[in-house]
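**Student:** Quick one: sequence and predicted model below, then my questions.
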Amino acid sequence: MILIMNMTWKEMIRKRVMILAMILTVLFLTAYWFIADAIAGSERYGGFSGGSSLVANYTTGVLMMMIGFFFAGFVIALLSIFSAFSSIAGEAEQGVMQALITRPISRSQFYIGRWLGFVTLLCCYTLFLYTAIMIITDIHAAIPKEPMVHVRALLLLALIIVLLVSLTMLGSTKFSSLGNGVFMTMLFGAGWLGGMLEKVREIGILDVLDAEDIGNTLSNISGLMSIIMPVDALQRKMMHELIGLDELGGVIDVSSMISGFFIGEVPSATFVVYAFLYAVIAFVWGVLRFRKKDL
């Protein structure tokens with residue numbers, strides 16, 4: 001499995017997938033620096049100069065993190081999909097799979113090795129992106145200092161990667177490379193749309209329009225979409241854990257419309273467990289399907 005994992009890393013680098021992703025990430029971080037600078041104005045976070053100053057800095061940091069991770073969530077999700085969408089079908093179509101399977105490597109070892117390769121590489125990328133966003137935000141404003149807050153946020157981002165890679169590789173055992181890429185992109189889009197519907201309801205637009213019945217319908221639709229594709233809900237949970245609105249909701253002044261747009265309704269811990277089980281089932285199902293797949 002380690003051999004296959006290393007092969008996956010080298011393949012991602014050889015195809016310049018991660019190189020292109022890093023170039024675009026650097027461009028985003030450059031833009032994010034100027035966005036953060038514009039939000040912070042001429043102020044720089046220099047320490048605990050006073051209670052009001054600390055609250056103002058943290059409030060500014062919250063807005064910056066919401067903007068930064070709104071983009072980062074898209075990048076991590078799409079990179080997870082497009083890294084693994086042809087992991088099985090593509091190699092079978094090119095005849096690479098037949099050459100590898102004849103070696104003393106079981107199908108399960110090959111599948112798990114590929115899965116580990118994608119997940120570990122994407123987790124390393126996510127750690128880099130997360131750290132860069134935090135550093136830029138800390139330079140211009142303030143960020144959470146509790147280590148466990150960052151650990152929980154990173155674990156939720158890792159769960160997103162595990163879920164998407166597991167689903168994408170499962171789809172690759174059934175569909176062609178192109179079909180799987182289109183299917184997973186549309187599935188992710190459906191989950192994102194469900195999250196947006198929930199955010200529209202959360203920020204109170206429907207209350208202004210006096211459309212309570214429509215709000216209930218949107219809530220049911222968004223809930224169903226989140227069950228089918230939990231990624232957007234996990235991203236909202238990550239932002240909620242990172243910012244700590246429950247603990248600081250009465251201290252920091254974050255507009256309900258801003259927090260509603262970027263976070264919306266926060267999923268429960270039970271939903272996180274559901275997403276984890278979803279990923280486990282997709283992973284196990286993919287292994288079992290690949291063991292019986294005709295090459």
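**Tutor:** All right, it came through fine.
**Student:** Quick check: mean pLDDT of stretch 272-282?
**Tutor:** The pLDDT scores in stretch 272-282 average 96.
**Student:** swap in stretch 191-199?
**Tutor:** On average, stretch 191-199 scores 80.
**Student:** for stretch 286-295, same thing?
**Tutor:** Mean predicted confidence for stretch 286-295 is 82.
**Student:** Buried residues of that stretch, list them for me.
**Tutor:** 286, 287, 289, 290, 293 (16 or more other CB atoms under 10 Å). Bear in mind the C-beta positions are built from the backbone N, C-alpha and C, glycine included.
**Student:** Surely the second one and residue 111 touch.
**Tutor:** The one in question is residue 287. Yes - the pair residue 287 and residue 111 passes the contact test of CB atoms under 8 Å, sitting 5.2 Å apart.
**Student:** Output the buried residues of stretch 286-295 as a markdown table; include the columns secondary structure and distance to residue 173.
**Tutor:** Formatted as a markdown table, these follow (DSSP: H, G, I helix; E, B strand; the rest coil; distance: CB to CB, whole Å):
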| residue | secondary structure | distance to residue 173 |
| --- | --- | --- |
| 286 | helix | 6 |
| 287 | helix | 9 |
| 289 | helix | 4 |
| 290 | helix | 5 |
| 293 | coil | 6 |
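**Student:** Turn those residues into CSV, columns for distance to residue 14.
**Tutor:** Shown next, in CSV, are the buried residues of stretch 286-295 (distance: CB to CB, whole Å):
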residue, distance to residue 14
286, 24
287, 26
289, 27
290, 23
293, 25
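**Student:** ok, so of these, who is nearest residue 183?
**Tutor:** residue 286 (14.3 Å; CB to CB).
**Student:** That closest one contacts residue 166, correct?
**Tutor:** Yes - counting by CB under 8 Å, residue 286 touches residue 166, with 6.4 Å between them.
**Student:** Show the residue spans covered by the helices in the stretch 51-200 of the chain.
**Tutor:** 51-84, 89-94, 96-101, 107-140, 147-172, 177-202 (DSSP state H, counting those that start in this stretch).
**Student:** what's the closest non-adjacent residue to residue 137?
**Tutor:** residue 64 (4.7 Å; CB to CB, 6 or more residues apart in numbering).
**Student:** Report the angle between the helix or strand hosting residue 216 and helix 177-202.
**Tutor:** Taking DSSP states H and E as the criterion, residue 216 maps to helix 212-228. Interaxial angle, helix 212-228 versus helix 177-202 (axes from the mean of the first three to the mean of the last three CA atoms, to 10 degrees): 140 degrees.
**Student:** List the contacts of helix 212-228.
**Tutor:** Here helix 212-228 makes contact (CB atoms under 8 Å, 6 or more residues apart in numbering) with 187, 190-191, 193-195, 197-198, 200-201, 206-207, 232-233, 267, 271, 274.
**Student:** what residue ranges in the stretch 1-150 of the chain score low on pLDDT?
**Tutor:** The model of the stretch 1-150 of the chain has pLDDT under 70 over residues 42-55, 90-103.
**Student:** OK, contacts around residue 120?
**Tutor:** Counted by CB under 8 Å, 6+ apart, residue 120 has contacts 5, 9.
**Student:** ok, now residue 267?
**Tutor:** Counting by CB under 8 Å, 6+ apart, residue 267 has contacts 226, 230, 233, 234, 236, 237.
**Student:** Give me the subset of the residues you listed lying in helices.
**Tutor:** Secondary structure from DSSP state H places 226, 233, 234, 236, 237 of these in helices.
**Student:** which of the residues you listed tops the neighbour count?
**Tutor:** residue 233 (28 neighbours; other CB atoms under 10 Å).
**Student:** Please report the distance of that residue from residue 120.
**Tutor:** 24 Å (CB to CB, to the nearest Å).
**Student:** Could you do residue 106 as well?
**Tutor:** For residue 106 relative to residue 120 (CB to CB), the value is 20 Å.
**Student:** can you check residue 79 too?
**Tutor:** 14 Å.
**Student:** Then residue 157?
**Tutor:** When residue 157 is compared with residue 120 (using CB to CB), they lie 14 Å apart.
**Student:** before we move on, back to that, specify the stretch among the helices of the stretch 51-200 of the chain that is closest to residue 13.
**Tutor:** Using CB to CB, these put helix 107-140 closest to residue 13, at 8.9 Å.
**Student:** Buried residues in that closest one, which are they?
**Tutor:** Of the residues in helix 107-140, those buried (16+ other CB under 10 Å) are 107, 110-119, 121-123, 125-126, 129-130, 132-134, 136-138, 140.
**Student:** Same question for stretch 67-83.
**Tutor:** Buried-residue list, stretch 67-83, by 16+ other CB under 10 Å: 67-69, 71-73, 75-77, 79-81, 83.
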